[in-house]
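**Q** Sequence unavailable; structure follows:
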């Protein structure tokens with residue numbers, strides 16, 4: 001069993017939290033900075049984006065959606081070390097679309113898993129997999 005590294009735990013959980021905060025605050029284009037160069041982002045069977053350039057295009061397009069106001073609420077965060085330079089963070093996500101027809105009702109419930117990797121002197125998201133449990137984005 002790999003011992004728990006509390007610094008790694010906080011850093012990896014912070015990556016997940018920061019990525020959603022950037023989206024909610026209108027800076028989705030900066031989320032790319034949190035991924036590895038070969039990073040992958042997937043939502044169910046509908047979205048799969050890999051590599052820095054594709055991620056940059058994807059998140060720039062989200063940032064351009066100025067009229068879409070969201071709040072991503074994360075709960076039940078957990079951390080699992082995989083090796084000295086890899087770890088997983090899991091969370092339950094509630095997505096609220098504030099300018100939607102029911103802004104106080106979650107639009108989606110999802111399970112999120114980030115695979116993080118130590119790279120270039122810091123932790124980065126190597127892969128994010130989002131599995132919708134209910135609703136839709």
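**A** Okay, I see it. The structure displayed is predicted, hence computed values, not measured ones.
**Q** ok, now which ones touch the residue nearest the centre of the chain?
**A** Central residue of the chain (C-alpha atoms, centre = their mean): residue 16, 4.9 Å from the mean position. Applying C-beta atoms under 8 Å, 6 or more residues apart in numbering to residue 16 gives the contacts 74, 77, 89, 91, 112, 114, 125. Quick note: C-beta positions are derived from backbone N, CA and C, even for glycine.
**Q** do residue 39 as well
**A** Residue 39 makes contact with 50, 51, 52, 55, 124, 125, 126, 127, 128, according to C-beta under 8 Å, 6+ apart.
**Q** Restricted to strands, list those residues.
**A** Using DSSP state E, 50, 124, 125, 126, 127, 128 are the members of these that sit in strands.
**Q** State the pair within the residues you listed that is farthest apart.
**A** Greatest spatial distance among these (C-beta to C-beta): 50 and 124, at 14.2 Å.
**Q** ok, these two, which is more surrounded?
**A** In terms of neighbours (other C-beta atoms under 10 Å), residue 124 is the more surrounded of residue 50 and residue 124; the figures are 19 against 15.
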